[in-house]
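Engineer: sharing a model prediction with you, sequence too.
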Amino acid sequence: MSAGGRQATGGSGGGRQPTGGSGGSDAVIATAGLTKYYGRDRGIVDLDLEVRRGEAFGLLGPNGAGKTTTIRLLLDLLRATHGQATVLGRDVRRDGVEVRRRVGFTPGELFLFDKLTGRETLRFLAGLRGGVDWAYVGRLADRLEADLGRRVGELSTGNKRKLSLIQAFMHRPELLILDEPTAGLDPLMQNEFDRLIDEAREEGQTVFLSSHVLPEVRRLCDRVGFVRDGELVAVEDVAMLLRRQVRELDLVLGATVPADLFTGIPGVLQAEIDGVHVHLHVSGSFDEVFQRALPHGIVDVSSREPDLDEVFLTFYGRASAGASTEGER
Amino acid sequence: MLGDLYLKELRDQRWSLLLWSLSIVGYVVLMCAVYPTIGESQVALEELIDSMPPAFKNYIMGQAGDFFTPAGYLGARVFALLSPLVVLIFAVGVGGRTVAGEEDGGTMGVILAYPIARRAALAKKYLMVLTVTAVVVAAHLIGLLIGVAAVGMDVSVGRLLQASLSLWLLTVLGASLTFAAGAAGARRGTATAVAAGLLLVTYLLDTLGLLVSGLEWLRDLSFFYYYGGGQVLIRGLDGVHVAVLLACIAVCLAVAFPTFLRRDIRQ
């Protein structure tokens, strides 16, 4: 798969080899024709994915698109209908224990041992793993302000999420696989999580995360894969995404402005001006828009994040293909 | 303490295990304490049994031989029905919680996302099953030893040990049934229903075989026939019967491991 992005092609995945397993490639995750059906329902179909060492890759798609299925296949919790997957150069099925030793994972659904306290949970999990630096666990807990003394069953979703994040990071794994990692975290803790990801990347750890919200992926990732109805539809550089992304911008200005105030700015695709109220569709930088608006006084600014369907529409000129297909997990 | 899956499994069971063990000691001591009162009504009871239809008489005596000897009494009142029922309820519960329950609760996926092979995880869980069933049956034996000594019943300790071993094998088998059903992918409720159903059916087969002449062969199909009830106290362990129970346990494991290693883990 090339760096710039691609349209996934259909077809059979039988017999193909993942590119990451051979030739000293730096692929940390590589799948070839990876397919999982649940009976007749599709989980993920013919997935060809490559995540490179040291990058942060975001798998983006609505709930039920096949993100969790992909992740659970990589951890050998699910068995592929056909196709192959390697993680860190190892077959996820044959060398699953070795793979999971080098991976940290936080699941999207927070199932934990309700009767244990946070500390007991982490002790148990650290013991299962072996070789965990307990002082580092303590530092992680402090940073995330995790309450380790209470029983997990009594914890809020946010606090369970913190525990789940700590256990994923605690052994400084080469690869972090994070399924909807910030769901349930309050904004302050999301910032701390962002810092954890930044630090992990500085240390050369690879990050593979799934999300159903674009800003998170844009903030944290180098590349993003769009998943729809069990198919990887496209892979994009996030930088490219930002350049091309169209956002709606609403301004309230200090004075009535001429109707042609924003004409001639390359990124402004559409402009509606009604007295002091301005509504713009802007692609790329806001620089020039604000420069022109500033002399008139800016009273209020709001910019709406486009939802996934709109992103899709702008990028690919079509809404999600087969969005009505049922039966995903 | 919590570094290992086996130890965590044991820890999860600790309160349940303690409660069951203490209750079982209490119940067995009580059963022994009642024994002297049986002797007082022996004549009346003997007359009652003699007046029964031959099938029923056969049934009662078939379970225990002589109801009025200490071994016969313990065989009929303790080992024939009540104790297997009590320990099997415990065992079926444990076998169901540890695999099907763990998976229903979503934590099986947490454990198996760690660097532990499925085979090893399942083996550690089974080791826990063997341990806690042994503890419960040991509590049962301790209750017997206390009760027998307190009342002064003349029963061979060796025979009590043999009967306890047979009881443990039946217990392990009961737990193995839910364990295997869970490992094969059944939810906890289904796994429990399958195990309880099988145990009930085979118990009825054993009873029917005892009651109805001509249907004795039905007993060969029953776990409880090979368990032996009170017979072990009177005649000692039967090597073939032990082998059959072990073979049934082996079948459970032969189902549990390959299916669990092959399939998807539920979230």
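Structural biologist: Here it is on my side, so go on.
Engineer: point out where chain B drops to low pLDDT.
Structural biologist: For chain B, applying pLDDT under 70 flags the ranges B:1-3, B:39-40, B:58-67.
Engineer: can you do 90?
Structural biologist: Chain B contains residues with pLDDT under 90 at B:1-4, B:34-73, B:76-77, B:80-81, B:207, B:210-216, B:229-231, B:234-235, B:267.
Engineer: can you map out the helices along it?
Structural biologist: Listed in chain order, the helices of chain B (DSSP state H) span B:5-40, B:42-50, B:54-64, B:70-74, B:82-96, B:102-104, B:107-112, B:118-151, B:157-183, B:188-211, B:223-227, B:231-235, B:239-262.
Engineer: dump these to a markdown table, plus mean neighbour count and distance to chain A.
Structural biologist: For the C-beta atoms, the positions are set from N, CA and C on the backbone; glycine is no exception. Shown next, in a markdown table, are the helices of chain B (neighbours: other C-beta atoms under 10 Å in any protein chain shown; distance: least, C-beta to the nearest C-beta, whole Å):
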| stretch | mean neighbour count | distance to chain A |
| --- | --- | --- |
| helix B:5-40 | 16 | 5 |
| helix B:42-50 | 11 | 49 |
| helix B:54-64 | 16 | 41 |
| helix B:70-74 | 22 | 38 |
| helix B:82-96 | 23 | 15 |
| helix B:102-104 | 23 | 9 |
| helix B:107-112 | 21 | 5 |
| helix B:118-151 | 19 | 8 |
| helix B:157-183 | 24 | 15 |
| helix B:188-211 | 18 | 15 |
| helix B:223-227 | 23 | 33 |
| helix B:231-235 | 22 | 38 |
| helix B:239-262 | 15 | 7 |
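Engineer: tell me the residue furthest from the middle of chain B?
Structural biologist: B:P115 (34.1 Å; C-alpha atoms, centre = their mean).
Engineer: I'd guessed that residue sits against A:G127; true?
Structural biologist: No. Contact criterion C-beta atoms under 8 Å: B:P115 and A:G127 do not qualify, at 11.7 Å.
Engineer: got any residues that touch both of these two?
Structural biologist: Counting by C-beta atoms under 8 Å, 6 or more residues apart in numbering or on different chains, B:P115 and A:G127 have no shared contacts at all.
Engineer: buried sites along stretch A:163-178?
Structural biologist: For stretch A:163-178, the neighbour count (16 or more other C-beta atoms under 10 Å in any protein chain shown) marks A:163-171, A:173-178 as buried.
Engineer: pLDDT weak spots in the stretch 1-150 of chain A?
Structural biologist: Looking at the stretch 1-150 of chain A by pLDDT under 90, you get A:1-26, A:39-40, A:61-64, A:130-131.
Engineer: so which residues of it form strands?
Structural biologist: Using DSSP state E, counting those that start in this stretch, the strands of the stretch 1-150 of chain A run over A:27-38, A:41-52, A:56-60, A:82-87, A:90-91, A:103-106.
Engineer: other SSEs contacting the third one?
Structural biologist: Translated: strand A:56-60. Contacts defined by 3 or more C-beta pairs under 8 Å, 6 or more residues apart in numbering or on different chains; DSSP states H and E place strand A:56-60 against helix A:67-74, strand A:206-211, helix A:214-220, strand A:223-228.
Engineer: next, the angle strand A:56-60 makes with the first one.
Structural biologist: Inter-element angle recorded for helix A:67-74 and strand A:56-60: 130 degrees (by axes from the mean of the first three to the mean of the last three C-alpha atoms, to 10 degrees).
Engineer: and helix A:67-74, is it in reach of chain B?
Structural biologist: Yes. Part of helix A:67-74 sits near chain B under the criterion C-beta under 8 Å from any C-beta of the partner chain, namely A:68, A:72.
Engineer: can I get the CA coordinates of that helix in CSV?
Structural biologist: Output in CSV follows, covering the C-alpha atoms of helix A:67-74 (Å, rounded to 0.1, in the frame of the first residue of the first chain):
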residue,chain,number,x,y,z
LYS,A,67,-12.4,-1.8,13.8
THR,A,68,-12.7,-4.0,16.8
THR,A,69,-12.9,-7.1,14.7
THR,A,70,-9.6,-6.2,13.1
ILE,A,71,-8.0,-5.5,16.5
ARG,A,72,-9.3,-8.8,18.0
LEU,A,73,-7.9,-10.7,15.0
LEU,A,74,-4.5,-9.1,15.6
